[in-house]
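K.L.:
With the sequence up front, the predicted model follows.
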Amino acid sequence: MALSNWDTLTWNKDGMCVEGALALPDGTMVEVYKNWLYVHDTHAHRGKGDRFEGDIVLSFKKGECQYRHLHLLGKRGPQESIFFVAIYRTYTDPPTEAFKLFGIGAYGFNRSGKWTGITEDTISKLMVWLKRMDEEYAIGLPEFMERLRFNQGDAFFAREFGEALPASEPGKAQPPFLMQALDKLKP
């Protein structure tokens, strides 16, 4: 399963780790998928021959983008990663910025094929970038940011079996569940 190769570390507006998806009041949703973001919109018109499946209306890999009230900022980083900020912002009086997702989706193996998960070096570079985005775009970076990463394949299995999300601190990542299961099958 391809998702088992990818690791994720994402925060909400309060700096608490979340699973990597953000549902928004207008019916849209943004989610980390491998090392890019998908934006879902169940209300968007779909024609025959559309590139995306289901309710996906946008894939985002880097740069700046706005879809309805969702603002995305992104940059490519180490470990084939995406560093990103997703902010739901309305321009009512007063403006709404109650929904935010910050984070990284990264390849979890090093060059010699060993599972490392997201490394401290990658997280350090992400934090430098997030602070720069906070200075430039006033994204409202939380002062405290919890540090729990999870494997995207393990998250899939946890959802399917109704289990809690298996998360751990960076640097303490166990190999993905699928790898552990396959290793047990080896003679």
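P.N.:
Noted; the coordinates are in hand.

K.L.:
Tell me, how many residues neighbour Phe99?
P.N.:
18 (other CB atoms under 10 Å). C-betas here are computed from N, CA, C, even on glycine.

K.L.:
How about the contacts made by it?
P.N.:
Applying CB atoms under 8 Å, 6 or more residues apart in numbering, one finds that Phe99 lies in contact with 13, 22, 24-25, 87-88.

K.L.:
For the host helix or strand of it, give the mean pLDDT please.
P.N.:
Secondary structure from DSSP states H and E places Phe99 in strand 96-107. For strand 96-107, mean pLDDT is 89.

K.L.:
tell me which residues of it are tucked away?
P.N.:
Of all the residues in strand 96-107, those buried under the rule 16 or more other CB atoms under 10 Å are 97, 99-107.

K.L.:
Show the buried residues in the contacts of Phe99.
P.N.:
Buried residues within the contacts of Phe99, counting neighbours by 16+ other CB under 10 Å: 13, 22, 24, 87-88.

K.L.:
Now flag whichever of those is closest to Asp41.
P.N.:
Of all these, Asp41 sits closest to Leu24, with 9.5 Å by CB to CB.

K.L.:
isn't Phe177 right up against Phe156?
P.N.:
No: using CB atoms under 8 Å, Phe177 makes no contact with Phe156, being 9.5 Å away.

K.L.:
which one of those two has more residues nearby?
P.N.:
Counted by other CB under 10 Å, Phe177 and Phe156 do not tie: Phe177 has more neighbours, with 19 against 15.

K.L.:
pLDDT score assigned to that one?
P.N.:
Per-residue pLDDT puts Phe177 at 73.

K.L.:
what number of residues lie near the closest residue to Thr28 other than its chain neighbours?
P.N.:
Excluding the flanking residues, the one nearest Thr28 by CB to CB, 6 or more residues apart in numbering is Asp41, at 4.8 Å. Close neighbours of Asp41, defined as other CB under 10 Å, add up to 19.

K.L.:
all helices in this structure, in order from the N-terminus.
P.N.:
For the chain, applying DSSP state H gives helices covering 120-137, 152-161, 177-185.

K.L.:
Out of those helices, flag the one nearest Gln66.
P.N.:
Closest approach to Gln66 among these (CB to CB): helix 120-137, 12.2 Å.

K.L.:
Tell me the gap between that closest one and the middle of its chain.
P.N.:
Chain-centre distance of helix 120-137: 15 Å, with CA atoms, centre = their mean, to the nearest Å.

K.L.:
ok, now stretch 79-97?
P.N.:
Centre-to-centre, stretch 79-97 and its host chain are 13 Å apart (CA atoms, centre = their mean).

K.L.:
buried stuff in it?
P.N.:
By 16+ other CB under 10 Å, the buried positions in stretch 79-97 come out as 79, 81-89, 97.

K.L.:
what do you get for stretch 179-187?
P.N.:
Within stretch 179-187, the residues scored as buried using 16+ other CB under 10 Å are Met179.

K.L.:
so how far is Phe144 from the residue nearest the centre of the chain?
P.N.:
Closest residue to the average C-alpha location of the chain: Val32 at 3.4 Å, with CA atoms, centre = their mean. Computed as CB to CB, to the nearest Å, the Val32 to Phe144 distance reads 21 Å.
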